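Okay, sequence plus prediction incoming.
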Protein chains: 2
Amino acid sequence: MTGVSQTTVSLVLNGRADGEVRISPETRDRVLQVIRETGYVADPAARGLAERRNRIYGVFTYEAVFPAEGADFYHPFLVGIEECAEEAGCDLLLFTSAKVEQGERRRIFSGESRIRLADGCVLLGRTIDRDDLSRLLTEGIPFVSVGRRDDAGGPVPYVGADYPPTVRALVERAAALGHRRMAYVGAGKGAESFADRLRGFTEGVAATGVEGLHLTTVDGLFDSGATAVFAEELADGAAIVELARARGLDVPRDLSILALGASTRPVSTDIDFAGFRIPRREMGRRAVELLTGVLERGGIPQELLACELVEGSTLAPVPNAER
Amino acid sequence: MTGVSQTTVSLVLNGRADGEVRISPETRDRVLQVIRETGYVADPAARGLAERRNRIYGVFTYEAVFPAEGADFYHPFLVGIEECAEEAGCDLLLFTSAKVEQGERRRIFSGESRIRLADGCVLLGRTIDRDDLSRLLTEGIPFVSVGRRDDAGGPVPYVGADYPPTVRALVERAAALGHRRMAYVGAGKGAESFADRLRGFTEGVAATGVEGLHLTTVDGLFDSGATAVFAEELADGAAIVELARARGLDVPRDLSILALGASTRPVSTDIDFAGFRIPRREMGRRAVELLTGVLERGGIPQELLACELVEGSTLAPVPNAER
DNA sequence: TGACCGAACTAATGCGCATTAGCAGGACGA
DNA sequence: TCGTCCTGCTAATGCGCATTAGTTCGGTCA
């Protein structure tokens, strides 16, 4: 339509009137005019193939991004991810095609993995398959995990929540209120986040010189003599409160309960737990920022963000305690 | 590595051992073996370029897909969309790059529209720009709107909620309870959904022979003598309840209030309104199904799904009414 | 007048795949 | 012995762009 070559249009479209190549202003205007009239837009797929980048950030989750029911642990992360992707001018790709079989959870590398459609990828999940992680590393696919991850055949890029000092601070806070016997209820392993929380608890106990117990389940909790309980997740905390009340105990007068972070399981409680706030939105934002950095400069970023302590109403001084 | 051509690998990869082309079982197995060993996966971008399809469904929303605050009107739609995309084996692309300027809402065609990255697109929004719609039509981009849309230079493919008969049924229900003077509060235009609700109200009023008023705002509502109020949105209903109570009115004893569908605005109320349930999840699912149909067979599907009436606790008989 | 140069473009190539046409070689029938 | 057909494969092309290496043409200068 303009009588110029495809090359010229491409050049004009990308504003490449710099040193190497030159286009006369008249030609440029003419091309731009036609582009405006016809509403021509370069095919992003072809552009991506040639440029070797698609301006797409992938978001991988093992479960549905949009959960059908109730409280959504991952939502705040996604809010941050979307905000930051918007600023970066990238689209977000949700790997909904990664379903394996009915009932099974998604897999990053399942058959025709379409992960390479994205320039890079943000990984979301309480745990992430170690094989998936190590394959991502060996294949050199740029990614950032939301949540700290142990090495998987090499260091994993992540932005996590800094649980150990946070939990430790909570232990110290409880100790300052006179608690001398505390219990951590939860696996303390499996997910990195659980291990980190238990570690913080252990450190805090050591630092304050109080007695610390680690119980895998609530069994024996009420006979343990603990006056402060650290629940691994919010849902655990809610369950413990229920049990305590059923035994006629008052929370926090008779028993203090601290919930370590939000819950990855659906839970409905309006208890204002003492504990901390995971900076989920910030983590999402930061993950995208780090991913952008990885794409531009490479590297294996590893960051931990501080959690904000929450006063709550489930932590009280030990009555008649000798301070 | 196998000593065969790229063509052969492509053929094996796609299981194209049918009529036209044939590959000997030995060769096939050898190729598959190497594929398994190396973990080779075809580049989806190149594949997309050649195949002219990406197995990506786009999701366009004018606001953030993951809203930062509170109640999320669009979430249930997205649940359905994700479910169905998963079944179709497609990935979902969120057009987060479509941001124009700080504070402005997204636009479908802004500069470098990347919408063609998707094979087709699902549109979500209370209203959708008419120019955007008509351009989608003229450019022949496959899409399905969630929510009925008026023609925009041609019929628009959509799956909507069937408001008119639903609202009409509510009017009849109110009439059966003795209400003889009813008011519709809301613009009744702007969005197709509002127009449809008002239309249903008007039809219902005509069919039952009661008096019907249309008020754009709540001004004058309490002097109108209406005993049943139809609020255009949930948020309006909540506001009206507040106002009524402030005037010392009891809902529903003194005034019945019906909320027409959920709210596109954030609202926090735990009132169990009489009204109906918009089948949002189903609409999301159906939109993806229809989009798949459009991609395979073309056409302009237009569907309306029935809404389920909700009994609620804000609709009561008129006291001392002559039935 | 011819060598040289820069400005303004374009031809050609490649990105990594899918697809089509065609080729080599063996079997088979006449 | 030759033509034909079938099997099993590959060369070549194109998808729509970005990019590189020219090419053309009109000055400029010696």
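Sure thing, it's come through.

Grab the most central residue of chain A for me.
Chain A has residue A:146 as the residue nearest its centroid, 3.2 Å off, counting by Cα atoms, centre = their mean.

Contacts only, for it.
A:77, A:122-124, A:158-160, A:283-284, A:287 (Cβ atoms under 8 Å, 6 or more residues apart in numbering or on different chains). Bear in mind the C-beta positions are built from the backbone N, C-alpha and C, glycine included.

and if you look at residue A:40?
Taking Cβ under 8 Å, 6+ apart, we find residue A:40 in contact with residue A:34.

Can you tell me the element it falls in?
In the assignment (DSSP states H and E), residue A:40 maps to no helix and no strand.

For it, give me the pLDDT.
What the model reports as pLDDT for residue A:40 is 91.

Quick check: it vs residue A:161, distance?
For residue A:40, the distance to residue A:161 under the criterion Cβ to Cβ, to the nearest Å works out to 47 Å.

Ok, residue A:255 next?
In this structure, residue A:255 and residue A:161 are 26 Å apart, going by Cβ to Cβ.

got it, and residue A:224?
Spatial separation of residue A:224 from residue A:161 under the definition Cβ to Cβ is 28 Å.

The two: which is more packed in?
residue A:161 (23 against 16; other Cβ atoms under 10 Å in any protein chain shown).

and residue A:258, helix, strand or coil?
Using DSSP: H, G, I helix; E, B strand; the rest coil, the structure places residue A:258 in strand.

right, and it touches residue A:271 too?
No - proximity of residue A:258 to residue A:271 does not meet the contact threshold set by Cβ atoms under 8 Å, at 11.6 Å.

More neighbours: the two, which one.
When residue A:258 and residue A:271 are compared for neighbours, residue A:258 comes out ahead with 26 against 16, by other Cβ under 10 Å.

could you list every residue that touches the more buried one?
Under the criterion of Cβ under 8 Å, 6+ apart, the neighbours of residue A:258 are A:170, A:174, A:228-231, A:237, A:273-275, A:312, A:314-315.

Now intersect the residues you listed with the strands, please.
With strands identified by DSSP state E, the entries of the contacts of residue A:258 that belong to them are A:228-231, A:274-275.

Highest neighbour count among those?
For those, the largest number of neighbours (other Cβ under 10 Å) sits with residue A:230, at 34 neighbours.

which regions of the stretch 51-200 of chain A lie under the pLDDT threshold?
A:70-71, A:100 (pLDDT under 70).

Pull up the residues of it that are close to DNA strand C.
Within the stretch 51-200 of chain A, the positions adjacent to DNA strand C are residue A:52 by Cβ under 7 Å from any atom of the strand.

Single out the residue in the stretch 51-200 of chain A that lies closest to DNA strand C.
Among residues of the stretch 51-200 of chain A, the one nearest DNA strand C by Cβ to the nearest atom of the strand turns out to be residue A:52. It sits 6.6 Å away.

does chain B sit close to stretch A:77-87?
Yes - counting by Cβ under 8 Å from any Cβ of the partner chain, chain B is contacted by stretch A:77-87 at A:78-79, A:81-83, A:85-87.

Mind listing what's buried along stretch A:185-198?
Residues of stretch A:185-198 classed as buried: A:185-186, A:188, A:191-198 (neighbour count, 16 or more other Cβ atoms under 10 Å in any protein chain shown).

export those to TSV and tack on secondary structure and distance to residue A:205?
Below are those laid out as TSV (DSSP: H, G, I helix; E, B strand; the rest coil; distance: Cβ to Cβ, whole Å):
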residue	secondary structure	distance to residue A:205
A:185	strand	14
A:186	coil	15
A:188	coil	13
A:191	coil	21
A:192	helix	20
A:193	helix	19
A:194	helix	17
A:195	helix	16
A:196	helix	15
A:197	helix	13
A:198	helix	10
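
hey, where'd the helices end up in chain A?
For chain A, the helices identified by DSSP state H occupy A:6-13, A:25-38, A:44-51, A:75-88, A:130-139, A:163-176, A:192-208, A:234-246, A:280-297, in order along the chain.

Take those helices and lay them out in TSV including distance to residue A:307.
TSV is the format used below for the helices of chain A (distance: least, Cβ to Cβ, whole Å):
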stretch	distance to residue A:307
helix A:6-13	47
helix A:25-38	50
helix A:44-51	38
helix A:75-88	13
helix A:130-139	24
helix A:163-176	4
helix A:192-208	10
helix A:234-246	13
helix A:280-297	10
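
about what we covered before: same list (the residues of stretch A:77-87 next to chain B) but as JSON lines, adding neighbour count.
Listed next are the residues of stretch A:77-87 next to chain B as JSON lines, based on neighbours: other Cβ atoms under 10 Å in any protein chain shown:
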{"residue": "A:78", "neighbour count": "26"}
{"residue": "A:79", "neighbour count": "20"}
{"residue": "A:81", "neighbour count": "28"}
{"residue": "A:82", "neighbour count": "23"}
{"residue": "A:83", "neighbour count": "18"}
{"residue": "A:85", "neighbour count": "26"}
{"residue": "A:86", "neighbour count": "20"}
{"residue": "A:87", "neighbour count": "15"}
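
Taking those, tell me the two that lie furthest apart.
Largest separation among those by Cβ to Cβ: A:78 and A:87, giving 15.0 Å.

Pull the number of nearby residues for the closest residue to residue A:98 other than its chain neighbours.
Counting by Cβ to Cβ, 6 or more residues apart in numbering or on different chains, residue A:98 lies nearest to residue A:106, which is 4.2 Å off, once chain neighbours are set aside. Burial of residue A:106 is recorded as 19 neighbouring residues (other Cβ under 10 Å).

May I have the residues that are in contact with residue A:106?
The contact partners of residue A:106, by Cβ under 8 Å, 6+ apart, come to A:60-63, A:95, A:98-100.

Distance of the residue of the stretch 51-200 of chain A closest to DNA strand C relative to DNA strand D?
From residue A:52 across to DNA strand D, the span is 9 Å (Cβ to the nearest atom of the strand, to the nearest Å).

Could you check how far that residue is from chain B?
Counting by Cβ to the nearest Cβ, to the nearest Å, the gap from residue A:52 to chain B is 9 Å.

Return the distance of that residue relative to residue B:48.
Note on residue A:52: its distance to residue B:48, by Cβ to Cβ, is 14 Å.

Have a look at the two and say which one is more surrounded.
Of the pair residue A:52 and residue B:48, residue B:48 is the one with more neighbours under other Cβ under 10 Å, namely 22 against 8.

how about the nearest residue to that one, chain neighbours excluded?
Of all residues not flanking residue B:48 in the chain, residue B:54 sits nearest, at 4.0 Å (Cβ to Cβ, 6+ apart).

quick one: contacts for the one you found?
Under the criterion of Cβ under 8 Å, 6+ apart, the contact list for residue B:54 reads A:45, A:117, B:44, B:48, B:117-119.

re earlier: which neighbours do residue A:258 and residue A:271 have in common?
With Cβ under 8 Å, 6+ apart as the test, residue A:258 and residue A:271 both reach A:237, A:314.

Any figure for the gap between the nearest residue to residue A:65 once chain neighbours are set aside and residue A:118?
Distances taken as Cβ to Cβ, 6+ apart put residue A:94 closest to residue A:65, at 5.1 Å, once the chain neighbours are dropped. From residue A:94 across to residue A:118, the span is 10 Å (Cβ to Cβ).

For residue A:168, grab the count of nearby residues.
Each residue near residue A:168 was counted by other Cβ under 10 Å, and the total is 20.

got the contact list for it?
If you count contacts by Cβ under 8 Å, 6+ apart, then residue A:168 has A:200-201, A:203-204, A:207 around it.

And residue A:26, how close does it get to residue A:16?
Shown here: residue A:26 relative to residue A:16, a distance of 17 Å by Cβ to Cβ.
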